[in-house]
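In: After the sequence you'll find the predicted model.
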Amino acid sequence: MSFLKSIPSSTPDAELVAAYKATGDKQTLGELYGRYMDLIYGVCLKYLKQPENAQDSTILIFEELCTKLLKHEVEHFRAWLFTLAKNHCLMRLRSEKKHKTVDFDVALVQSPEEMHLNGVLEKEENFKMLSLCMDQLDQDQKKSIELFYLQGKCYNEIAAITGLEWNKVRSFIQNGKRNLKICMEKQKATSVYNHE
């Protein structure tokens, strides 16, 4: 399965931002976020150090984005998203009482083409692992996760589509997200072990 839909590169970020603000359509936002998911993961990894924490925050930042983008006027989405991700990581570090000052090369934000081959290969490997782990989820969890993250449906819409209760949908999404994280951590550990 493909985790993210292909995004027409000809559609400017500003148009997708405007479309999301006008409709609140999470699928539109998901397509926009997909352009920068590797960048956000990189920012989170730089600050949080642990890959599993970076993966978790990459998902949490999308959830933050759903509400914050509706409340703010955003001229340059990539720079604004970078700041949102950085602030999220700093707040997380403060809440864990492990705040550290980290130097991050802002020039990297301006030059995505400089992302090295290892980063590309790691991203592809992550998507492969994610696809494998999605297939291992309970059917209700998998369906709820796909509808919420990949099709941009809200809890009420998912409940209507699946016939599940709202609380069940919420539970399946939260548990599914946790199970994905656990599965991907195991996959990464196995991958590292096999390469040693």
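Out: Sure thing, it's come through.
In: Report the mean confidence score over the biggest helix by length in the chain.
Out: Using DSSP state H to define each element, the chain has its longest helix at helix 166-195. Confidence for helix 166-195, expressed as mean pLDDT, is 80.
In: and it, how far out from the chain's middle?
Out: A distance of 14 Å separates the centroid of the chain from that of helix 166-195, by Cα atoms, centre = their mean, to the nearest Å.
In: for stretch 47-56, same thing?
Out: With Cα atoms, centre = their mean as the basis, the mean position of stretch 47-56 lies at 12 Å from the chain mean.
In: CA atoms only: put that stretch into CSV for me.
Out: Backbone C-alpha positions of stretch 47-56 (Å, rounded to 0.1, in the frame of the first residue of the first chain) are rendered in CSV as follows:
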residue,chain,number,x,y,z
TYR,A,47,16.1,17.9,18.8
LEU,A,48,14.7,14.7,20.4
LYS,A,49,17.6,12.4,19.4
GLN,A,50,15.5,9.2,19.6
PRO,A,51,14.0,8.0,16.3
GLU,A,52,10.8,6.7,18.1
ASN,A,53,10.3,10.1,19.7
ALA,A,54,10.8,11.8,16.4
GLN,A,55,8.3,9.5,14.7
ASP,A,56,5.7,10.2,17.5
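In: Mind listing what's buried along it?
Out: Of the residues in stretch 47-56, those buried by neighbour count under the rule 16 or more other Cβ atoms under 10 Å are Y47, L48, P51, N53, A54, Q55, D56. No exception for glycine: its C-beta is placed from N, CA and C like everyone else's.
In: Reformat those as a markdown table; add distance to K21.
Out: Converted to a markdown table, these look like this (distance: Cβ to Cβ, whole Å):
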| residue | distance to K21 |
| --- | --- |
| Y47 | 28 |
| L48 | 29 |
| P51 | 33 |
| N53 | 30 |
| A54 | 28 |
| Q55 | 28 |
| D56 | 27 |
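In: Dump the residues you listed to a markdown table, plus secondary structure and distance to P12.
Out: As requested, the buried residues of stretch 47-56 are arranged in a markdown table below (DSSP: H, G, I helix; E, B strand; the rest coil; distance: Cβ to Cβ, whole Å):
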| residue | secondary structure | distance to P12 |
| --- | --- | --- |
| Y47 | helix | 29 |
| L48 | helix | 31 |
| P51 | helix | 32 |
| N53 | helix | 32 |
| A54 | helix | 28 |
| Q55 | helix | 28 |
| D56 | helix | 30 |
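In: ok, and what's touching stretch 79-94?
Out: Surrounding stretch 79-94, the residues in contact under the criterion Cβ atoms under 8 Å, 6 or more residues apart in numbering are 33, 36, 39-40, 43-44, 47-48, 53, 57, 60-61, 64-65, 68, 72, 74, 99-100, 104, 109.
In: Just the buried residues of those.
Out: Buried subset of the contacts of stretch 79-94 (neighbour count, 16+ other Cβ under 10 Å): 33, 36, 39-40, 43-44, 47-48, 53, 57, 61, 65, 74, 109.
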